[in-house]
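> Mind looking at a prediction? Sequence and model below.
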Amino acid sequence: MCVFLLPLSIFPRTITVTSLYCYRAVSPKITPFKFGEEPLQTGQTATVTCSVLQGDLPLELSWWFDGVRINDDRQDVSIMTSKKTTMFTIDSVTGGHAGNYTCMARNYAGTAQYTTQLLVNGSSSMLTVLAAFSCLVFLSPT
């Protein structure tokens, strides 16, 4: 793949290319992460770090909650992002924070994403998991 990175301000001018450098563009790859082994308690802090193992710069890094992009201006979370890493923190977890969190990394070569689940004791998603587990236990043959 040959990639031209030209500023938009030069168009519609005609340009002459005297040298062409081609290289293999590398799409992002995310290192797996999780909130932890056990469900969190209300009031605890939850932090995960999403690191891009490989991928050409520039990268666009974003966080998603149950399929909806998380804006940086939310008061209940903080997001700190560098070139290839983004850290997502919830200072005081509530039941409303339970769900699926996705880190998405995008560059001109492609997109990668990784999703992990945050479980909070007493939340509706935790009760669903426990109810499904209870059904499996009670319905299993003896």
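Cool, got the structure. Residues are numbered from 1 along each chain as shown.
> where along this structure do the helices fall?
When assigned using DSSP state H, the helices of the chain occupy the ranges 124-139.
> Mean pLDDT per helix and strand in it: which one sits at the bottom?
helix 124-139 (a mean of 45; mean pLDDT, DSSP states H and E).
> Enumerate every residue touching the residue nearest in space to the middle of the chain.
The residue lying closest to the centre of the chain (C-alpha atoms, centre = their mean) is C103, at 0.5 Å. Applying C-beta atoms under 8 Å, 6 or more residues apart in numbering to C103 gives the contacts 30, 33, 48, 50, 61-64, 86, 88, 113-114. (Glycine included, C-beta is placed from N, CA and C.)
> Mind doing that once more with 7 Å?
30, 50, 61, 63, 86, 113-114 (C-beta atoms under 7 Å, 6 or more residues apart in numbering).
> Then S27?
55, 107, 109-110, 112.
> and which of those residues is nearest to H97?
Taking C-beta to C-beta as the measure, H97 sits nearest to A112 out of the contacts of S27, at 23.9 Å.
> Next up, the contacts around the spatially closest residue to that closest one that is not a sequence neighbour.
Nearest residue to A112, sequence neighbours excluded (C-beta to C-beta, 6 or more residues apart in numbering): P28, at 4.2 Å. P28 makes contact with 52, 55, 59, 105-107, 110, 112, according to C-beta under 7 Å, 6+ apart.
> at 6 Å what do you get?
Contacts for P28 (C-beta atoms under 6 Å, 6 or more residues apart in numbering) come out as 52, 55, 105, 107, 112.
> Turn the buried ones among those residues into a named PyMOL selection, would you?
Remark: buried members of the contacts of P28, expressed as a PyMOL selection using 16 or more other C-beta atoms under 10 Å:
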select buried, resi 52+55+105+107+112
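> So which of the contacts of P28 belong to strands?
Counting by DSSP state E, the part of the contacts of P28 found in strands is 52, 105, 107, 112.
> Redo these as TSV? Include pLDDT and distance to S78.
Formatted as TSV, the ones in strands among the contacts of P28 follow (pLDDT from 0 to 100; distance: C-beta to C-beta, whole Å):
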residue	pLDDT	distance to S78
V52	98	20
A105	98	19
N107	97	24
A112	98	23
